[in-house]
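Chemist: sequence unavailable; structure follows:
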């Protein structure tokens, strides 16, 4: 009897070891296939977001516009690159189920964080944000962008893809003047779709380093001139000019991402700060969403922009690490995992 029980215990222990070993192999495989250059670029973009929100009080200033030209497009291009890989792994999943997964991953956190931010605004007597301007706005935009791409994912003709880009850009330029949130959705859907097609057609392998550097220099130079000499987003500019401005921003960010794929990560991999930026890139949701509640509370005790900056970066990162894979993490940042199959 004792021998039988011991045998069962040994079998259970062996199965548990096997399960842990298999899980470790899966995690190792995910780490091996992880796109570290995306973590690096997202980490840099996250730092710029915090800089913009802590040191640049007027988001419509030339400095604010210049920074947002980089961090927003890079973040959304990275999302498009990752979306392509995700859809490739779910080829057999139906469209409606893909919509549901996007709703769980993006809309649920959007609603939760709108409620949290509204409660904070009421508690600290701050003006309420609109749904299009609070810290979680990007989640709603990503939801619409991802669902749009899921719907048209079987379109592979270069001419049709180009036509989609033109329609998105034209709609964005026109809607800017009467529906800012629609314009924001169309703009960033275009950018996410660009990232999706960069990965789909392996463009990073087809663009030479020389061409990439020329693109960066040319577009970056024009962008700097436009920003420093011409306008802020508060200025009344024509539809055509606004379209040109946004196209420059998209091309600049795409060039930076392509250059990162081919060169930057390899060049910076040995620099001590690079792993830290890559770590930040793994916690971008926390770095986008946690600074507002953290700084609202901290504002009761100090108002130094430097202290707010450090709190936003290291406080958000520490919280993200401490709650990783807990039920709090899944509710606030990854609701889809609550329904994932074990």
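Modeler: Happy to help now that I have it. As the structure is a prediction and not an experimental result, all values here were calculated from the model.
Chemist: the stretch 51-200 of the chain: helices as residue ranges?
Modeler: Listed in chain order, the helices of the stretch 51-200 of the chain (DSSP state H, counting those that start in this stretch) span 62-89, 95-102, 108-123, 137-151, 158-175, 180-200.
Chemist: now do the stretch 201-342 of the chain
Modeler: 209-229, 239-259, 265-268, 274-281, 284-289, 291-298, 305-310, 316-322, 327-332.
Chemist: could you dump the helices of the stretch 51-200 of the chain into TSV with mean pLDDT, distance to residue 323 and mean neighbour count added?
Modeler: Placement of C-beta: from N, CA and C, glycine included. What follows is these, written out as TSV (pLDDT from 0 to 100; distance: least, Cβ to Cβ, whole Å; neighbours: other Cβ atoms under 10 Å):
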stretch	mean pLDDT	distance to residue 323	mean neighbour count
helix 62-89	80	22	20
helix 95-102	95	22	15
helix 108-123	92	14	17
helix 137-151	95	18	21
helix 158-175	85	37	15
helix 180-200	87	27	22
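Chemist: relative to residue 317, which of these is closest?
Modeler: helix 62-89 (16.8 Å; Cβ to Cβ).
Chemist: relative to helix 137-151, how tilted is that closest one?
Modeler: If you take axes from the mean of the first three to the mean of the last three Cα atoms, to 10 degrees, helix 62-89 sits at 40 degrees to helix 137-151.
Chemist: next one: phi and psi at residue 156?
Modeler: Note on residue 156: its backbone torsions stand at phi -120, psi -10 [degrees, to the nearest 10].
Chemist: also residue 94?
Modeler: With angles defined as degrees, to the nearest 10, residue 94 sits at phi -70, psi 160.
Chemist: and residue 92, by the same measure?
Modeler: phi -90, psi 0.
Chemist: how near is it to residue 166?
Modeler: Applying Cβ to Cβ, to the nearest Å, the value for residue 92 to residue 166 is 32 Å.
Chemist: got the contact list for residue 286?
Modeler: Counting by Cβ atoms under 8 Å, 6 or more residues apart in numbering, residue 286 makes contact with 316, 317, 319, 320, 333.
Chemist: who wins on neighbours among those residues?
Modeler: The most neighbours of any of the contacts of residue 286, using other Cβ atoms under 10 Å, belong to residue 316, which has 24 neighbours.
Chemist: now that residue. Nearest residue, chain neighbours left out?
Modeler: Spatial nearest neighbour of residue 316, excluding adjacent residues (Cβ to Cβ, 6 or more residues apart in numbering): residue 290 at 4.0 Å.
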